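Visitor: please find the sequence and the predicted model below.
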Amino acid sequence: MTSNHDAWPPLPLAPWQDTLETVHLWTQIVGKVRLALTPWVNHSWHLTLSLSARGLTTGLIHHPHGAFEIEFDFRRHCLLVVTGAGERRSFALQGLRVAGFYQTLMDTLDELGLGVEIWPSPTELPDPILAFPEDEQHAAYDPEAVTRYWQALLSVHRVLNVFRAGFCGKVSPVHFFWGAFDLAVTRFSGRTAPKYPGGVPHCPDWVMEEAYSHELSSAGFWPGTGLGEAAFYAYAYPEPPGFKTARVGPVGAVYHAGLGEFILPYETVRLAADPDAALLEFLQSTYVAAAELGRWNRVALDYTPWPAATVRQVISGQGASHHQT
């Protein structure tokens, strides 16, 4: 059995900030490969990465010369490229500068006949930035720190999926945005939203206008860059009147005026008697604040998932046989 200590490891930012910045840039390179080859989906859902049993993956990408997948393996600390034809390439992450990572990945794809051109510059990061082929500065990689982050990400992913199940309106997958290096899930009211103001660095305004084209309540997890500590966030767009002063839980959750979001430190969740319950309380209470103050149709949108035991009974034919599964 996994203990809370193992499932929610300490994640102090300072000891691994250099590593975090390097891995962030690597995920942007991999994400931009997916972006270059995938049809656009509403809210940019086509460009995100997903969690796998080993790390972060693009999922299947279709190229004119075949299908392939790119995966960060945070257990063995390497990058994998696997094709639909059964070919497999990998290279170690430790010791690579961003420029070296970029060139090695591009060379690997070329060797497999899967060459692709990407916009070779960071996105959503403030100046100064360096184009990937020129970035010889970011080269840190601490395997132990990445393993701890990966373990925390698995726990966050589990709880976000439980929260996601409580909604039957339009809801995003639990997915990883490489622009801000966050794991997120987003619920939608079904109504359109006012035009988003834009202003995200190195990201065209039209991308954000499309991403925020509909009313939403979003929540997720950052490992710490920009905030100074790992934390969970929750916000609404547009933010309804009264949201910032709404009562949300658990103790430790606060509204950050500069970010325009509720923030709950990761450390608060990690040290809670029941970390999963603490995080679920934050996710649910901030959603309720957004939905109630924004006058969402919660009767139509909220959903009570079947208990796992009931689902097993239905599948085995032992009960509720009139339901379709």
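Guide: Ah, there it is.
Visitor: show me the domain layout of the protein.
Guide: Taking the TED database as the criterion, the chain consists of the domains 16-134, 143-300.
Visitor: so can I have a markdown table of the ones you listed showing mean neighbour count and mean pLDDT?
Guide: (C-beta placed from N, C-alpha, C; glycine too.) Output for the domains of the chain, formatted as a markdown table (neighbours: other Cβ atoms under 10 Å; pLDDT from 0 to 100):
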| stretch | mean neighbour count | mean pLDDT |
| --- | --- | --- |
| domain 16-134 | 17 | 97 |
| domain 143-300 | 18 | 96 |
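Visitor: would you confirm that Ala272 contacts Pro250?
Guide: Yes: with the criterion set as Cβ atoms under 8 Å, Ala272 and Pro250 qualify as a contacting pair; they are 7.1 Å apart.
Visitor: now do the shared contacts for those two.
Guide: Listed contacts common to Ala272 and Pro250 are Ala278; contacts here mean Cβ atoms under 8 Å, 6 or more residues apart in numbering.
Visitor: what's downstream of the biggest strand by length in the chain, the next helix or strand?
Guide: Criterion DSSP state E: the longest strand present in the chain is strand 182-192. Along the chain past strand 182-192, the next helix or strand (assigned with DSSP states H and E) turns out to be helix 205-211.
Visitor: off-centre distance for that next one?
Guide: On the basis of Cα atoms, centre = their mean, to the nearest Å, helix 205-211 is displaced by 18 Å from the centre of the chain it belongs to.
Visitor: so what's the gap between the helix or strand just after it and the chain middle?
Guide: Counting by DSSP H and E, the element after helix 205-211 in chain order, helix or strand, is strand 214-222. Between the centre of strand 214-222 and the centre of its chain there are 11 Å (Cα atoms, centre = their mean).
Visitor: repeat that for stretch 176-188.
Guide: Counting by Cα atoms, centre = their mean, stretch 176-188 comes out at 4 Å from the chain centroid.
Visitor: likewise stretch 58-74?
Guide: Average the C-alpha atoms of stretch 58-74, do the same for its chain, and the two points are 18 Å apart (Cα atoms, centre = their mean).
Visitor: how long is it end to end?
Guide: Using Cα to Cα, to the nearest Å, one end of stretch 58-74 lies 14 Å from the other.
Visitor: other residues contacting it?
Guide: For stretch 58-74, the external contacting residues (Cβ under 8 Å, 6+ apart) are 23, 26-27, 30-31, 33-34, 37-38, 49-50, 52, 54-57, 79-85, 90, 93, 105, 109, 112-114, 116, 146-147, 149-150.
Visitor: what residues does stretch 7-14 touch?
Guide: 20, 148-149, 151-152, 154-155, 223-225, 228-230, 266-267, 269-270, 275.
Visitor: the strand or helix carrying Ile29 packs against which elements?
Guide: Element membership of Ile29, judged by DSSP H and E, is helix 17-37. Using 3 or more Cβ pairs under 8 Å, 6 or more residues apart in numbering; DSSP states H and E as the contact definition, the elements that helix 17-37 packs against are strand 61-63, strand 66-73, helix 98-111, helix 143-164.
Visitor: tell me the angle of the helix or strand just after the second one relative to helix 98-111?
Guide: Right, strand 66-73. Sequence-wise, the next helix or strand downstream of strand 66-73 (DSSP H and E) is strand 78-83. With axes from the mean of the first three to the mean of the last three Cα atoms, to 10 degrees defining the directions, strand 78-83 sits at 20 degrees from helix 98-111.
Visitor: my guess is Lys195 contacts Glu209, does it?
Guide: Yes: when contacts are counted by Cβ under 8 Å, Lys195 is listed as touching Glu209 (5.9 Å).
Visitor: report the distance from stretch 211-229 to the chain centre.
Guide: Between the centre of stretch 211-229 and the centre of its host chain there is 9 Å, according to Cα atoms, centre = their mean.
Visitor: circling back: between the helix holding Ile29 and strand 78-83, how big is the angle?
Guide: Using the same axes, to 10 degrees, helix 17-37 lies at 10 degrees relative to strand 78-83.
Visitor: just the CA trace of stretch 15-23, in CSV.
Guide: Output for stretch 15-23, consisting of C-alpha atoms alone and laid out as CSV, is shown next (Å, rounded to 0.1, in the frame of the first residue of the first chain):
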residue,chain,number,x,y,z
PRO,A,15,16.2,22.7,-4.9
TRP,A,16,14.9,21.8,-8.3
GLN,A,17,13.9,25.1,-9.9
ASP,A,18,16.7,24.8,-12.5
THR,A,19,15.6,21.3,-13.4
LEU,A,20,12.0,22.4,-13.5
GLU,A,21,12.9,25.2,-16.0
THR,A,22,14.8,22.8,-18.2
VAL,A,23,12.0,20.2,-18.2
